[in-house]
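Asker: for reference, the sequence and a predicted model appear below.
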There are 2 protein chains.
Amino acid sequence: MTKLAHSMIRVLNEATSVDFYKSAFGLVVADRLDFDGFTLIYMTAPEGGFELELTVNKDRTTPYDLGDGYGHLAVVVEDLEAAHAQVEAAGGAPRDIVDFRPAGDRVARFFFAADPDGYQIEVIEKGGRFT
Amino acid sequence: MTKLAHSMIRVLNEATSVDFYKSAFGLVVADRLDFDGFTLIYMTAPEGGFELELTVNKDRTTPYDLGDGYGHLAVVVEDLEAAHAQVEAAGGAPRDIVDFRPAGDRVARFFFAADPDGYQIEVIEKGGRFT
């Protein structure tokens, strides 16, 4: 029995990232583990479940190389327009809302934003297969 | 209300990756959306919940640059030794099991493995904060 537990990204500044995920998406810090060279911060929705793990390597000063392999973390929200405004207020520079209907029927309605380190976040309106 | 929905990684070969996540971790394909230039495959634990989204860009032939920012997807399992053997049989080249006790008490017991594109997977034994 396997449970998907968390996704880990390395970030430069703990306070900046924690503030962003709180204000943009309402995530909360479920746990914070501090070690000699690094700190792990586990964030999740208030009701719990899958976690976003932020790793802060204390001696890292240069931006991380995000490559082109990892894509994004996706969140589902009830009110996409409200989420767009909330992400914008949090400094997430949300892109335009896309109504994705490649063959007529809606697959998803969403927008992308970026966290303080540049990681992409997909914000999807609840509906269809995204519940 | 925000729900963490999925994490997306880009992979080169759909069958290779789907087979790996099935045989190494028992994930199942919850959905497969095929478009002109790309295919999206949503995989999850059999009981559902958070999904791993695999994106296959059909014209991509060179390996993705994984950078050093994105870390890993973590899964929690009941039996770490059995999971280690299962991942090894699936070709995930699991590293040694680590009993992580930086200050005496166990924080986690885990091992790392790699998927066919080189993405790291952390396999954690159920216990402590990892439930």
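Answerer: Nice, thanks for sending it over.
Asker: and the strands in chain A?
Answerer: Assigned by DSSP state E, chain A shows strands spanning A:2-10, A:28-34, A:38-44, A:51-57, A:70-77, A:98-100, A:108-114, A:120-125.
Asker: count the neighbours of the residue of chain A at minimum distance from chain B for me.
Answerer: Of all residues in chain A, A:Gly67 sits closest to chain B, at 2.8 Å by C-beta to the nearest C-beta. No exception for glycine: its C-beta is placed from N, CA and C like everyone else's. Other residues near A:Gly67 number 14, with proximity taken as other C-beta atoms under 10 Å in any protein chain shown.
Asker: please report how far A:Pro63 lies from A:Ile124.
Answerer: 27 Å (C-beta to C-beta, to the nearest Å).
Asker: show me the longest helix that occurs in chain A.
Answerer: Here the longest helix in chain A is taken by residue count, with DSSP state H as the criterion, and it is helix A:14-25.
Asker: list the buried ones in that helix?
Answerer: Buried residues in helix A:14-25, counted by 16 or more other C-beta atoms under 10 Å in any protein chain shown: A:14, A:17-18, A:20-21, A:24-25.
Asker: so what does that helix touch, helix or strand wise?
Answerer: When contacts are defined as 3 or more C-beta pairs under 8 Å, 6 or more residues apart in numbering or on different chains; DSSP states H and E, helix A:14-25 sits against strand A:38-44, strand A:51-57, helix A:80-89.
Asker: winner for burial among these?
Answerer: Among the helices and strands packed on helix A:14-25, the stretch with the highest mean neighbour count (mean count of other C-beta atoms under 10 Å in any protein chain shown) is strand A:51-57, at a mean of 21.
Asker: partners of it, with directions?
Answerer: Applying DSSP bridges to the sheet, strand A:51-57 is found paired with strand A:2-10 (parallel), strand A:38-44 (antiparallel).
Asker: reformat those strands as a markdown table; add mean pLDDT and distance to B:Ile97.
Answerer: Below are these laid out as a markdown table (pLDDT from 0 to 100; distance: least, C-beta to C-beta, whole Å):
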| stretch | mean pLDDT | distance to B:Ile97 |
| --- | --- | --- |
| strand A:2-10 | 96 | 16 |
| strand A:38-44 | 98 | 19 |
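Asker: check contacts around A:Val56.
Answerer: Contacts here follow C-beta atoms under 8 Å, 6 or more residues apart in numbering or on different chains; on that basis A:Val56 touches A:10-14, A:38-41.
Asker: do that again at 7 Å, thanks
Answerer: Remark: with contacts taken as C-beta atoms under 7 Å, 6 or more residues apart in numbering or on different chains, A:Val56 is in contact with A:11, A:14, A:38-39.
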